[in-house]
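In: A structural model of the following input is requested.
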Amino acid sequence: MNSPIVECIPNYSEARRPEVVEAIAQAVCSVAGVCLLDRHSDLDHNRTVLTFAGPPQAVEEAAFRSIARAAELINLDEHRGAHPRIGATDVVPFVPISDVGMQDCIEIARRLGRRVGEELGIPVYLYEQAATRPERQNLEDIRHGQYEGLKDAILTTPERQPDFGPARLGTAGATVIGARYPLIAYNVYLTSSEVDIAKKIARVVRHSTGGLRYVKALGLLVDGRAQVSMNLTNYKSTTIERVVEFIRREDVRYGVGIHHTELVGLIPEDALVGAAVWHLQLDQFDPEQILERRVRLAMGGPGPGEGSADFLEALASESPAPGGGSAAAYTGAEAAALVAMVARLTAGRKKYAAVEPQMRAVLQRAETLRQGLAAAVEEDAAAFQAVMAAFKLPKETPQQQDARRQAIQTATLEAAYVPLQVGRDLVEVLELAVPVIEQGNLNAITDGGTGAELALAALHGASMNIRINLSGYQDLPAAVEMLDDLRQLHAKADALIQRIRAIVAERGGLALL
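Out: Predicted structure coming up:
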């Protein structure tokens with residue numbers, strides 16, 4: 001069994017005084033068992049990001065020591081920088097890495113938040129998965145008005161009261177602590193100094209203003225260049241290459257281009273591999289072709305199917321998560337994989353040269369869907385855990401009861417949204433199955449048919465999870481819209497599966513019952 005590992009990626013409001021950054025880093029390294037993986041300082045932002053990992057208790061202690069050190073050395077009244085901030089230690093996210101669940105990270109965040117509030121006298125707000133109020137899940141909402149605006153608001157506005165610590169700001173400001181899944185902090189620099197262009201592009205790319213899901217973005221001026229500063233919160237569902245191409249197309253509108261891009265902190269290996277595969281058009285690529293992965297596998301890494309076995313063990317355990325929603329997403333990923341397989345077995349074959357462009361397009365989209373559905377396995381489990389966490393919120397006072405009721409409603413709607421997105425992806429898998437079954441490699445026609453049937457079964461499983469989550473909220477506009485979407489998905493899926501079965505029967509010479 002692996003040792004439990006948690007990652008922590010705090011952001012500190014200092015970059016222009018190296019001695020201060022070094023003192024904070026030393027506070028992290030003073031805890032045995034903690035490994036400092038990366039440090040990134042941006043002078044224009046006047047902000048440093050440290051990335052460290054280790055056993056949960058050690059990482060929690062290292063985070064506390066760094067917050068205490070930053071509070072001693074950073075005065076927010078004197079701080080100036082391009083990046084929004086409310087504290088000397090501005091934000092402290094915990095990320096599960098190995099043998100640690102999201103609930104564990106939520107408990108770490110809340111325990112640390114209480115300690116920082118009580119021992120250091122710093123106001124603490126909980127965010128993302130650790131949030132106790134739905135309006136505090138998004139970091140940008142908590143940071144509204146920044147340090148200067150929060151100074152007055154925390155004294156006069158009940159909605160700005162912290163989760164822990166005093167309702168007043170000292171020179172260390174406030175700290176936001178939470179738990180989340182891995183994200184990519186990614187900046188795109190433009191061939192222009194006009195910050196308004198970066199702001200316009202940020203507006204159309206970020207999800208909150210109608211852009212790409214799982215993308216947060218700001219337009220800034222950094223080093224004399226316009227910068228689109230982004231956090232990609234689910235790189236499997238919205239890939240980094242898709243974001244770059246989206247920005248590249250927007251650049252054309254304003255007569256600018258991409259000068260260079262920048263990572264802040266670390267990036268998951270899969271994200272870079274996915275970008276390389278997409279840009280190099282490696283349609284026949286197998287991840288085991290990566291030398292280092294093959295070496296790790298040969299030297300004692302997990303064997304074939306062990307990841308699947310781990311998921312099945314978790315599914316069969318007494319834990320309610322992962323459950324049916326995760327299983328539906330997992331089955332959907334299998335369906336997309338089969339569609340991709342048939343497209344691969346068709347593209348590059350002389351006999352099917354006429355449909356090669358279509359097969360390559362199907363392959364690219366099927367792989368994207370497979371990654372998104374695989375990511376939804378954990379998303380669904382996390383959504384369920386968020387519902388359970390909301391039910392555990394205090395309810396002693398009327399205010400707490402209202403906050404708890406709202407948190408339960410918000411978490412439950414999100415728990416319905418995850419399988420709804422899975423359902424949308426599954427219908428798209430069915431749409432992709434039609435051309436591979438109709439025009440693809442005849443020897444693999446039943447593989448495509450199996451993928452289609454798995455997608456249909458997964459849709460029915462996802463549908464049950466959507467309906468059970470919305471059972472108490474049918475009158476809410478959001479629930480009405482989701483149920484209407486679900487009905488349309490089923491109607492489309494029914495038509496597609498009938499067509500697919502007919503093609504398999506005719507082209508494959510099979511008499512299907």
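
In: where in this structure is pLDDT low?
Out: 1-2, 296-310, 510-513 (pLDDT under 70).

In: remind me, longest strand of it?
Out: Taking DSSP state E as the criterion, the chain has its longest strand at strand 89-98.

In: where along this protein do the strands fall?
Out: If DSSP E is used as the criterion, the strands of the chain fall at 5-8, 11-12, 35-42, 47-54, 89-98, 124-128, 175-179, 184-190, 215-222, 225-232, 258-264.

In: closest one to residue 367 among the ones you listed?
Out: Nearest to residue 367, of all those, is strand 225-232, at 17.9 Å by CB to CB. All C-beta atoms are positioned from the backbone trio N, CA, C, and that covers glycine.

In: elements contacting that closest one?
Out: Contacting strand 225-232 under the criterion 3 or more CB pairs under 8 Å, 6 or more residues apart in numbering; DSSP states H and E are the following elements: strand 184-190, helix 195-205, strand 215-222, helix 240-253.

In: how about the ones you listed in TSV, adding mean neighbour count and distance to residue 24?
Out: Formatted as TSV, the helices and strands packed on strand 225-232 follow (neighbours: other CB atoms under 10 Å; distance: least, CB to CB, whole Å):
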stretch	mean neighbour count	distance to residue 24
strand 184-190	22	18
helix 195-205	20	29
strand 215-222	20	22
helix 240-253	17	29
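
In: among those, single out whichever gets nearest to residue 474.
Out: Closest approach to residue 474 among those (CB to CB): strand 215-222, 31.1 Å.

In: other SSEs contacting that closest one?
Out: Strand 215-222 sits against helix 195-205, strand 225-232, with contacts defined as 3+ CB pairs under 8 Å, 6+ apart.

In: JSON lines for these, including distance to residue 120?
Out: Formatted as JSON lines, the helices and strands packed on strand 215-222 follow (distance: least, CB to CB, whole Å):
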{"stretch": "helix 195-205", "distance to residue 120": "34"}
{"stretch": "strand 225-232", "distance to residue 120": "26"}
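
In: re the thing from before, would you reformat the strands of the chain as TSV and include distance to residue 332?
Out: Supplementary listing: these in TSV, determined by distance: least, CB to CB, whole Å:
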stretch	distance to residue 332
strand 5-8	28
strand 11-12	35
strand 35-42	33
strand 47-54	31
strand 89-98	23
strand 124-128	25
strand 175-179	26
strand 184-190	24
strand 215-222	23
strand 225-232	22
strand 258-264	30
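
In: buried deepest among those, which one?
Out: Of the strands of the chain, the one with the most neighbours on average (mean count of other CB atoms under 10 Å) is strand 175-179, at a mean of 28.

In: residue 219: what's it in contact with?
Out: For residue 219, the contact set (CB atoms under 8 Å, 6 or more residues apart in numbering) comprises 195-203, 226-229.

In: hmm, 7 Å instead?
Out: Contacts for residue 219 (CB atoms under 7 Å, 6 or more residues apart in numbering) come out as 195, 198, 199, 201, 202, 226, 228.

In: how about residue 275?
Out: Counting by CB under 7 Å, 6+ apart, the residues that residue 275 touches are 239, 240, 241.

In: got those as TSV, with distance to residue 162 columns?
Out: Listed next are the contacts of residue 275 as TSV, based on distance: CB to CB, whole Å:
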residue	distance to residue 162
239	36
240	34
241	39
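
In: closest to residue 20 out of those residues?
Out: Residue 20 has its nearest neighbour among the contacts of residue 275 in residue 240, at 31.6 Å by CB to CB.

In: against residue 416, how distant is the closest one?
Out: Distance of residue 240 to residue 416, computed by CB to CB, to the nearest Å: 28 Å.

In: residue 156 now?
Out: Note on residue 156: its distance to residue 416, by CB to CB, is 36 Å.

In: higher neighbour count, these two?
Out: Higher neighbour count among residue 156 and residue 416: residue 416, with 25 against 8, using other CB atoms under 10 Å.
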